[in-house]
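Peer 1: model this:
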Amino acid sequence: MATIYDIAKKANVSAMTVSRVINNTGRVSEKTRVKVKQVMEEMRYIPNSVARCLVTQESMIVSLLITDITNPFFTTMARGAEDAAMRHGYRLMFGNSDESFSKEKDYVEMILSMRVDGVLFAPSGDQSREHLEWLQRQNVPFVLLDREVPGIDCDAVLGDSRDGAKRMVAEMIRYGHRRIALVNGAQDVSTARERQAGYIEALQEAGIEFDETLVMQTSYSREQDLSVAHWMELDPETRPTAIFAANNMLALSVLKSVRSLGLRVPEDLSIACFDDFGWVEEANPFFSVASQPAYEFGEQGMQLLLDRIKNREDKPRQIVLPCDILMRQSVGRV
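Peer 2: Prediction:
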């Protein structure tokens, strides 16, 4: 691999001049700069990013840590973050915690060792405060995506989970459903708390009593082996006619369980959920969803992060993105 000394020799300049061209520092004539860059291209020179970081105190690398790469919401979010980073000359380092606190810890250690300039962080839950405080102590800027963490005052791009859940459940009630079950994420995740609060508000405003037996708490991960059989075994007057899943991965698990019982959606049971399914829904619209603008989460989060890297003393900013309620085939009328 070519070195700066090889470049300097062929371009007939000093190694210091080559370094200044690479790092865009110091005084170099435009003619010399063009010549050095031409030689670098001819020799296919790849700058040493570690050495560059030592000179400029910037790695031009930012990290994105999300909780579930299989979820179309997060993959679309990642694309928005990557596009925004590349527009500003940054490269994106990716991590997937799988909703795991221990795996998240491993990624935070890697992020710190890589000396990245900043982090877009979708926390696994409230316990992520430990990792965020670790980043703060190391003076690493970060922006939270999708989820809040109590006790952490920072930049964030969030969805209106409470309002989105409330509007979706209200729409299901408008379709005639009075017994609506909720399959939710763990209560140590802010979005799960907010979506359950919206679910309860919609019931109360419709004069429907909240029934704790119609709430299932689990993890947002698709790997959960859910069963709704216990609800379907209830008396016809008390069993749910609809299920609201707090995210799209849970909705898929619910659908799998419902079909394993020989039930049809929406003829026997309606299903709606939070977050859309990307191109799958565009190709074959089926699930009724409270849809969040996933791409904008990543794009606006990255813009907040780059602003924070440049202006660390600014007050924290929070962006709340609204949901769209999309009624499709999975919810039928009673």
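Peer 1: Point to the residue nearest the middle of this protein.
Peer 2: Closest to where the C-alpha atoms of the chain average out (C-alpha atoms, centre = their mean) is residue 74, at 4.4 Å.
Peer 1: Name the nearest residue to that one, ignoring sequence neighbours.
Peer 2: Computed as C-beta to C-beta, 6 or more residues apart in numbering, the closest residue to residue 74 that is not its neighbour in sequence is residue 66, at 4.4 Å. Glycine gets a C-beta too; all of them are placed from N, C-alpha and C.
Peer 1: residue contacts, the one you found?
Peer 2: Residues in contact with residue 66 (C-beta atoms under 8 Å, 6 or more residues apart in numbering) are 74, 77-78, 94-97, 122, 145.
Peer 1: For it, list each beta-bridge partner.
Peer 2: Going by DSSP bridges, residue 66 is paired in beta bridges with residue 96.
Peer 1: From residue 287, how far off is it?
Peer 2: Separation of residue 66 from residue 287 (C-beta to C-beta, to the nearest Å) stands at 21 Å.
Peer 1: ditto for residue 210
Peer 2: When distances are taken as C-beta to C-beta, residue 210 and residue 287 turn out to be 24 Å apart.
Peer 1: can you give me the strands in the stretch 151-300 of the chain?
Peer 2: Listed in chain order, the strands of the stretch 151-300 of the chain (DSSP state E, counting those that start in this stretch) span 155-159, 180-184, 215-217, 242-245, 270-274, 288-291.
Peer 1: Point out the most buried one among those.
Peer 2: Greatest average neighbour count among the strands of the stretch 151-300 of the chain goes to strand 242-245 (a mean of 28), per mean count of other C-beta atoms under 10 Å.
Peer 1: quick one: least confident helix or strand in this protein?
Peer 2: Taking mean pLDDT, DSSP states H and E as the measure, the helices and strands of the chain show their lowest mean at helix 49-56, namely a mean of 51.
Peer 1: quick one: low-confidence parts of the stretch 101-250 of the chain?
Peer 2: In the predicted model of the stretch 101-250 of the chain, residues 222-224 satisfy pLDDT under 70.
Peer 1: my read: residue 305 touches residue 120, true?
Peer 2: Yes - distance between residue 305 and residue 120: 5.8 Å, which falls inside the contact criterion (C-beta atoms under 8 Å).
Peer 1: Overlap in contacts, those two.
Peer 2: 62, 142-143.
Peer 1: My reading is that residue 105 lies in a strand. Confirm?
Peer 2: No - using DSSP: H, G, I helix; E, B strand; the rest coil, the assignment for residue 105 is helix, not a strand.
Peer 1: For it, which non-adjacent residue is closest in space?
Peer 2: Nearest residue to residue 105 in three dimensions, chain neighbours excluded: residue 131, at 6.3 Å (C-beta to C-beta, 6+ apart).
Peer 1: what does the strand or helix carrying residue 143 contact?
Peer 2: Secondary structure here is read from DSSP states H and E; on that basis residue 143 sits in strand 142-145. Contacts made with strand 142-145 from outside it, assessed by C-beta under 8 Å, 6+ apart, are listed as 66, 77, 118-123, 132, 135, 152, 154-158, 297-298, 301-302, 304-305, 308.
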